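1. Got a sequence here, can you build the structure:
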Amino acid sequence: MENLITIYKADYYISQNITKQRITNRRTVSHYEIELYATDGSTSVINDVKHSQKRSNILIAKPRDTRYSIDPFECYCVHFSALSHTVTDAISHLPAVFSPQSVEEIGKIFKDLIDDRFSRKAGRDLLLQAKTLEFISALANERCEIQPEQYAKHSKNISDACEYMAHFFDKNITLKDIARIANLSPGFFHTTFKATMKKTPREYLLQIRLSMSKNLLRNTGKSLAEIALLCGFESQAYFSYVFKKETGLSPQKYRATKQLII
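-> Below you'll find the predicted structure:
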């Protein structure tokens with residue numbers, strides 16, 4: 001089996017066994033942290049957004065997120081690093097905290113995972129990886145509505161990011177670059193942007209690049225290589241591939257038909 005994840009911790013966590021502080025210290029997350037809450041009444045603060053916890057809530061903290069907790073709590077937890085985009089893409093649509101629809105199924109898998117952590121069976125590590133992937137797969141099938149009010153205070157950050165992409169779409173800009181302009185961590189920026197704009201930063205940037213390329217195809221005689229460069233595509237071949245994939249037409253055919261598609 002290909003290693004898709006590395007597990008660092010799988011346990012039942014009781015906060016009062018670790019600290020008597022009502023408010024824990026703020027820290028930056030190093031790996032993916034997923035928790036299934038077993039108690040009500042605590043508050044999780046992720047990237048300065050407060051989430052009231054209740055029994056059966058799921059929390060997902062991503063690398064570079066900041067977090068701390070208010071009031072005692074107990075939860076099942078697993079910490080892991082993802083070695084494949086297959087894993088990260090599976091849960092990228094989920095908010096930081098939510099109540100899963102498949103509570104019993106997810107709860108059973110999580111509890112089995114913790115039990116297997118302390119097993120002495122041969123092949124325990126493979127079993128742990130398989131059970132964790134089963135858990136992630138179950139989460140991937142959840143359909144959660146992100147609460148807009150959680151992200152409303154970051155509207156200026158998102159506006160700054162959109163303006164930056166509109167001005168520098170021709171450059172080789174990354175998620176990290178855009179998140180820096182928005183003054184947010186990359187993980188939280190991606191989640192907030194998607195919740196606000198209903199598309200990912202990558203999709204938004206691609207929309208700008210395609211819109212500009214269509215304008216140049218319709219109104220100029222520039223070569224495809226020139227247009228690709230002016231619109232931020234890494235090569236003419238990649239530009240042609242993406243353009244046809246998104247519009248159903250090759251750049252040449254689009255130019256020839258002079259269709260006014262926005």
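2. okay, how far is it across stretch 95-108, tip to tip?
-> End-to-end span of stretch 95-108 (CA to CA, to the nearest Å): 21 Å.
3. Which positions in that stretch come out as buried?
-> 95-98, 100, 106-107 (16 or more other CB atoms under 10 Å). Heads up, the C-betas are built off the backbone N, CA and C, glycines and all.
4. Now, those residues that are in strands?
-> 97-98 (DSSP state E).
5. Out of the buried residues of stretch 95-108, which is nearest to residue 54?
-> Of all the buried residues of stretch 95-108, residue 97 has the smallest distance to residue 54: 9.8 Å, by CB to CB.
6. which regions of this structure lie under the pLDDT threshold?
-> Along the chain, the model assigns pLDDT under 70 to residues 1-2, 93, 121-122, 143-152, 258-262.
7. Mind doing that once more with 50?
-> Under the criterion pLDDT under 50, the flagged ranges of the chain are 1, 145-146, 260-262.
8. In it, mark out all the strands, start to finish.
-> 5-14, 27-28, 32-37, 43-46, 49-52, 58-61, 66-70, 74-82, 97-98.
9. May I see the ones you listed arranged in a markdown table, with distance to residue 252 as well?
-> Shown next, in a markdown table, are the strands of the chain (distance: least, CB to CB, whole Å):
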| stretch | distance to residue 252 |
| --- | --- |
| strand 5-14 | 44 |
| strand 27-28 | 49 |
| strand 32-37 | 44 |
| strand 43-46 | 48 |
| strand 49-52 | 47 |
| strand 58-61 | 44 |
| strand 66-70 | 49 |
| strand 74-82 | 40 |
| strand 97-98 | 46 |
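10. Work out the gap between stretch 220-239 and the centre of the chain.
-> For stretch 220-239, the separation from the chain centroid amounts to 30 Å (computed by CA atoms, centre = their mean, to the nearest Å).
11. Sorry, slip of the keys, the one I care about is stretch 92-101.
-> 11 Å.
12. Test my guess that residue 233 contacts residue 210.
-> No. Counting by CB atoms under 8 Å, residue 210 is not a contact partner of residue 233; they are 9.7 Å apart.
13. Can you tell me the closest non-neighbouring residue to the residue nearest the centre of the chain?
-> Centroid-nearest residue in the chain, with CA atoms, centre = their mean: residue 92, separated by 3.5 Å. Excluding the flanking residues, the one nearest residue 92 by CB to CB, 6 or more residues apart in numbering is residue 190, at 7.4 Å.
14. hmm, back to that, I'd like to know how far the residue nearest to the centre of the chain sits from residue 183.
-> 21 Å (CB to CB, to the nearest Å).
15. and what of residue 249?
-> For residue 249, the distance to residue 183 equals 39 Å [CB to CB].
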